[in-house]
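K.L.:
everything below, folded, please.
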Amino acid sequence: MVILIRHAEKPPKSDHSPDLTPIGVERAERIPNLFAPSATAMLPHPDVLFAAHVRPSSNRPVETATPLARALGMKLNDEYSDDTSQQLAAELLSGKYAGKVVVVFWRHGVLPELAAALGAPNPPKWQDSVFDRIWKVEWINGKAVLTDLPQNLLPGDSR
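P.N.:
Numbers count the residues shown, from 1 in each chain. Below you'll find the model as predicted:
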(Lines give C-alpha, C1' and ligand atoms only; values in the text may rest on other atoms or scores of the structure.)
Protein backbone atom coordinates (compact mmCIF):
# COMPACT_ATOMS: atom_id res chain seq x y z
CA MET A 1 0.00 0.00 0.00
CA VAL A 2 1.24 3.47 -0.90
CA ILE A 3 -0.41 6.45 0.76
CA LEU A 4 0.03 9.75 -1.07
CA ILE A 5 -0.37 12.98 0.89
CA ARG A 6 0.02 16.48 -0.42
CA HIS A 7 2.01 18.86 1.75
CA ALA A 8 -0.09 21.02 4.09
CA GLU A 9 -1.25 24.57 3.48
CA LYS A 10 1.11 27.01 1.82
CA PRO A 11 1.17 30.81 1.73
CA PRO A 12 -0.16 32.73 -1.27
CA LYS A 13 2.19 32.93 -4.24
CA SER A 14 2.88 36.58 -3.47
CA ASP A 15 4.45 35.56 -0.14
CA HIS A 16 7.30 33.48 -1.68
CA SER A 17 7.82 31.64 1.63
CA PRO A 18 9.08 28.05 1.28
CA ASP A 19 7.35 27.10 4.54
CA LEU A 20 3.91 26.05 5.70
CA THR A 21 1.36 28.56 6.92
CA PRO A 22 0.27 28.38 10.59
CA ILE A 23 -2.76 26.33 9.49
CA GLY A 24 -0.43 24.09 7.50
CA VAL A 25 1.73 23.58 10.59
CA GLU A 26 -1.40 22.65 12.55
CA ARG A 27 -2.44 20.14 9.86
CA ALA A 28 1.06 18.62 9.82
CA GLU A 29 0.99 18.26 13.61
CA ARG A 30 -2.34 16.40 13.36
CA ILE A 31 -1.32 13.99 10.58
CA PRO A 32 0.01 11.44 13.13
CA ASN A 33 -3.63 11.06 14.27
CA LEU A 34 -4.39 9.40 10.93
CA PHE A 35 -2.01 6.61 11.89
CA ALA A 36 -2.59 6.53 15.66
CA PRO A 37 -2.50 3.03 17.15
CA SER A 38 -6.20 2.87 17.90
CA ALA A 39 -9.38 1.34 16.58
CA THR A 40 -10.34 4.73 15.13
CA ALA A 41 -7.18 5.27 13.05
CA MET A 42 -8.11 5.37 9.40
CA LEU A 43 -4.72 4.28 8.05
CA PRO A 44 -2.35 1.46 8.98
CA HIS A 45 0.99 2.12 10.67
CA PRO A 46 3.54 3.06 8.00
CA ASP A 47 6.73 1.11 7.48
CA VAL A 48 8.49 3.73 5.33
CA LEU A 49 8.18 7.51 4.94
CA PHE A 50 9.19 9.57 1.89
CA ALA A 51 8.96 13.32 1.31
CA ALA A 52 9.86 15.37 -1.74
CA HIS A 53 13.35 16.79 -1.38
CA VAL A 54 13.70 20.37 -0.17
CA ARG A 55 14.07 22.99 -2.87
CA PRO A 56 14.61 26.73 -2.51
CA SER A 57 10.95 27.51 -3.16
CA SER A 58 9.48 24.79 -0.92
CA ASN A 59 10.34 22.85 2.19
CA ARG A 60 6.66 22.01 2.68
CA PRO A 61 6.62 18.23 2.02
CA VAL A 62 9.40 17.68 4.57
CA GLU A 63 7.72 20.06 7.04
CA THR A 64 4.44 18.17 6.63
CA ALA A 65 6.04 14.74 7.09
CA THR A 66 8.31 15.60 10.01
CA PRO A 67 5.67 15.44 12.79
CA LEU A 68 4.67 11.93 11.66
CA ALA A 69 8.30 10.79 11.48
CA ARG A 70 8.93 12.24 14.93
CA ALA A 71 5.76 10.73 16.46
CA LEU A 72 6.60 7.27 15.10
CA GLY A 73 10.35 7.50 15.67
CA MET A 74 10.97 6.84 11.98
CA LYS A 75 13.53 8.07 9.48
CA LEU A 76 12.21 10.30 6.70
CA ASN A 77 13.65 9.62 3.24
CA ASP A 78 13.81 12.91 1.32
CA GLU A 79 16.27 11.84 -1.36
CA TYR A 80 13.78 12.10 -4.24
CA SER A 81 12.81 15.44 -5.71
CA ASP A 82 9.32 15.99 -7.06
CA ASP A 83 10.65 15.92 -10.63
CA THR A 84 11.69 12.28 -10.11
CA SER A 85 8.23 10.76 -9.70
CA GLN A 86 9.07 8.00 -12.21
CA GLN A 87 12.22 7.03 -10.30
CA LEU A 88 10.41 7.01 -6.96
CA ALA A 89 7.62 4.87 -8.43
CA ALA A 90 10.21 2.44 -9.83
CA GLU A 91 11.80 2.21 -6.37
CA LEU A 92 8.42 1.61 -4.72
CA LEU A 93 7.48 -1.05 -7.29
CA SER A 94 10.87 -2.78 -7.19
CA GLY A 95 9.67 -5.42 -4.71
CA LYS A 96 11.72 -3.91 -1.90
CA TYR A 97 8.52 -2.61 -0.27
CA ALA A 98 6.22 -5.56 -1.00
CA GLY A 99 3.80 -6.05 1.89
CA LYS A 100 4.79 -2.70 3.42
CA VAL A 101 2.85 0.49 4.01
CA VAL A 102 4.65 3.43 2.40
CA VAL A 103 3.63 7.04 2.96
CA VAL A 104 4.77 9.67 0.46
CA PHE A 105 4.45 13.43 1.05
CA TRP A 106 4.60 15.12 -2.35
CA ARG A 107 3.68 18.29 -4.22
CA HIS A 108 0.19 18.44 -5.73
CA GLY A 109 1.23 19.27 -9.29
CA VAL A 110 3.04 15.96 -9.66
CA LEU A 111 0.92 13.72 -7.41
CA PRO A 112 -1.15 12.51 -10.40
CA GLU A 113 2.08 11.66 -12.25
CA LEU A 114 3.32 9.65 -9.27
CA ALA A 115 -0.02 7.85 -8.90
CA ALA A 116 -0.02 7.00 -12.63
CA ALA A 117 3.58 5.76 -12.43
CA LEU A 118 2.43 3.44 -9.62
CA GLY A 119 -0.16 2.04 -12.02
CA ALA A 120 -3.28 3.90 -10.87
CA PRO A 121 -5.47 4.40 -13.95
CA ASN A 122 -6.41 7.99 -14.81
CA PRO A 123 -5.66 9.78 -11.54
CA PRO A 124 -7.47 13.12 -11.43
CA LYS A 125 -5.68 16.46 -11.35
CA TRP A 126 -4.97 17.50 -7.76
CA GLN A 127 -6.59 20.92 -7.31
CA ASP A 128 -4.34 23.74 -6.10
CA SER A 129 -6.66 24.65 -3.21
CA VAL A 130 -6.99 21.09 -1.83
CA PHE A 131 -4.83 20.14 1.16
CA ASP A 132 -7.18 17.79 3.05
CA ARG A 133 -7.24 14.61 0.96
CA ILE A 134 -5.31 11.33 0.92
CA TRP A 135 -4.79 9.04 -2.03
CA LYS A 136 -4.38 5.41 -1.10
CA VAL A 137 -2.98 3.12 -3.79
CA GLU A 138 -3.47 -0.62 -3.24
CA TRP A 139 -2.88 -3.53 -5.56
CA ILE A 140 -5.94 -5.76 -5.86
CA ASN A 141 -5.63 -8.81 -8.09
CA GLY A 142 -2.45 -7.30 -9.50
CA LYS A 143 -4.04 -3.98 -10.47
CA ALA A 144 -3.45 -0.63 -8.81
CA VAL A 145 -6.58 0.90 -7.31
CA LEU A 146 -6.61 4.53 -6.16
CA THR A 147 -8.97 5.54 -3.36
CA ASP A 148 -9.50 9.21 -2.48
CA LEU A 149 -10.04 9.68 1.26
CA PRO A 150 -10.72 12.70 3.50
CA GLN A 151 -8.26 13.62 6.22
CA ASN A 152 -10.88 15.15 8.57
CA LEU A 153 -8.12 16.79 10.62
CA LEU A 154 -9.22 20.42 10.75
CA PRO A 155 -12.57 22.24 10.88
CA GLY A 156 -13.81 22.78 7.33
CA ASP A 157 -12.04 19.75 5.85
CA SER A 158 -13.98 18.00 3.10
CA ARG A 159 -15.73 14.74 3.97
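K.L.:
going by C-alpha atoms from here, please, whenever you check contacts or count neighbours.
P.N.:
Fine.
K.L.:
end-to-end on stretch 151-159?
P.N.:
8 Å (C-alpha to C-alpha, to the nearest Å).
K.L.:
should've said stretch 61-81
P.N.:
For stretch 61-81, the end-to-end distance is 10 Å (C-alpha to C-alpha).
K.L.:
any chance you could list what contacts that stretch?
P.N.:
6-8, 19-20, 24-25, 27-29, 31-32, 48-54, 88, 105-107 (C-alpha atoms under 8 Å, 6 or more residues apart in numbering).
K.L.:
in helices, which of those fall?
P.N.:
The helices, defined by DSSP state H, take in 24, 25, 27, 28, 29, 88 from the contacts of stretch 61-81.
K.L.:
ok, of those, which come out buried?
P.N.:
Taking 16 or more other C-alpha atoms under 10 Å as the criterion, what is buried in these is 24, 25, 27, 28, 29, 88.
K.L.:
name the nearest residue to the fifth one, sequence neighbours excluded.
P.N.:
Going back to what we said before, that points to residue 29. Distance criterion C-alpha to C-alpha, 6 or more residues apart in numbering; nearest residue to residue 29, sequence neighbours excluded, is residue 67 at 5.5 Å.
K.L.:
can you pull out the strands in this protein?
P.N.:
Shown for the chain, the strands assigned by DSSP state E span residues 2-6, 48-51, 76-77, 102-106, 133-140, 143-150.
K.L.:
next, the angle from the last one to strand 2-6.
P.N.:
Read it as strand 143-150. 40 degrees (axes from the mean of the first three to the mean of the last three C-alpha atoms, to 10 degrees).
K.L.:
list the buried residues for strand 143-150?
P.N.:
144, 145, 146.
K.L.:
so which of these is the closest to residue 96?
P.N.:
residue 144 (17.0 Å; C-alpha to C-alpha).
K.L.:
OK, contacts around the closest one?
P.N.:
So residue 144 contacts 118, 119, 120, 121, 137, 138 (C-alpha under 8 Å, 6+ apart).
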